[in-house]
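Trainee: Here is a sequence together with a model predicted from it:
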Amino acid sequence: MSSDVVRVVYRKYDGTAHRDYPARRLAEDDLGVWLGVTAGTESVYHGRPSVEQIPFVLLVPHDAWWSTMFNPPPRTSEVYCDIASPARWEGDTVHLIDLDLDVVRRRGTGLVELRDEDEFAEHRVRFGYPDEVVAQARAAAERLFVALGDGTEPFASAYRKWLALVV
């Protein structure tokens with residue numbers, strides 16, 4: 001039986017620490033596992049202790065090359081998708097490998113942006129991303145870019161009921 005708390009661990013492709021924090025398991029459905037993080041949650045960001053200032057909901061999809069944070073105001077990104085390896089679960093810990101690319105929808109304007117292409121290109125060479133990883137990452141970014149702009153769920157409104165639980 002799963003606990004209410006999940007440890008979320010993101011690493012870079014070379015194994016270095018990226019993010020590490022506890023989250024509350026809110027639900028699991030056909031889209032994936034919904035996790036809530038409240039303001040004040042202690043975390044580690046790039047190997048350094050941190051405290052989350054703004055709550056968010058994380059969707060860890062079943063077998064997809066991304067994860068998504070849904071954010072309330074005042075955060076300027078309403079939806080922030082990390083292109084990442086498919087989640088690997090070990091008990092109540094979920095492991096993801098951050099692949100640098102991000103797809104973001106801005107609050108207010110609805111502008112969708114593909115970010116960190118330069119970091120992706122640099123790490124592709126430095127860390128030796130296999131061609132299959134590159135292809136999967138780019139394909140996920142392309143799908144998300146469209147989905148964040150066209151009203152596809154869960155990016156339109158389905159996340160709001162979960163976000164209301166952590167705000």
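Mentor: Everything's here; your move. Numbering: from 1, shown residues only.

Trainee: end-to-end on stretch 38-52?
Mentor: 7 Å (Cα to Cα, to the nearest Å).

Trainee: tell me the mean pLDDT over that stretch?
Mentor: If you average the pLDDT over stretch 38-52, you get 94.

Trainee: So which elements touch the helix or strand that L99 is a member of?
Mentor: Using DSSP states H and E, L99 sits in strand 93-106. Secondary structure elements in contact with strand 93-106, counted by 3 or more Cβ pairs under 8 Å, 6 or more residues apart in numbering; DSSP states H and E, are strand 5-12, strand 77-84, strand 88-90, strand 112-115, helix 117-127, helix 131-150. For the C-beta atoms, the positions are set from N, CA and C on the backbone; glycine is no exception.

Trainee: thought V9 was touching T93?
Mentor: Yes. When contacts are counted by Cβ atoms under 8 Å, V9 is listed as touching T93 (6.1 Å).

Trainee: quick one: low-confidence parts of this protein?
Mentor: Regions of the chain meeting the criterion pLDDT under 70 cover residues 1-2.

Trainee: The same query, at a cut-off of 90, please.
Mentor: Counting by pLDDT under 90, the chain has low-confidence residues at 1-3, 46-47, 151.

Trainee: Is there a neighbour count for H46? I'd like the number.
Mentor: Residues lying near H46 (other Cβ atoms under 10 Å) number 10.

Trainee: got it, and the one 5 residues further on?
Mentor: Here the count is done by other Cβ under 10 Å, and V51 has 11 residues near it.

Trainee: before we move on, what about D82?
Mentor: Other residues within reach of D82 by the criterion other Cβ under 10 Å amount to 25.

Trainee: Who are the contact partners of it?
Mentor: Taking Cβ atoms under 8 Å, 6 or more residues apart in numbering as the criterion, D82 is in contact with 10, 66-69, 96, 98-99, 102.

Trainee: contacting residues for the closest residue to it other than its chain neighbours?
Mentor: When the adjacent residues along the chain are set aside, D82 lies closest to S67, with 5.2 Å between them (Cβ to Cβ, 6 or more residues apart in numbering). With contact taken as Cβ under 8 Å, 6+ apart, S67 is in contact with 58-61, 81-82, 84, 87, 96.
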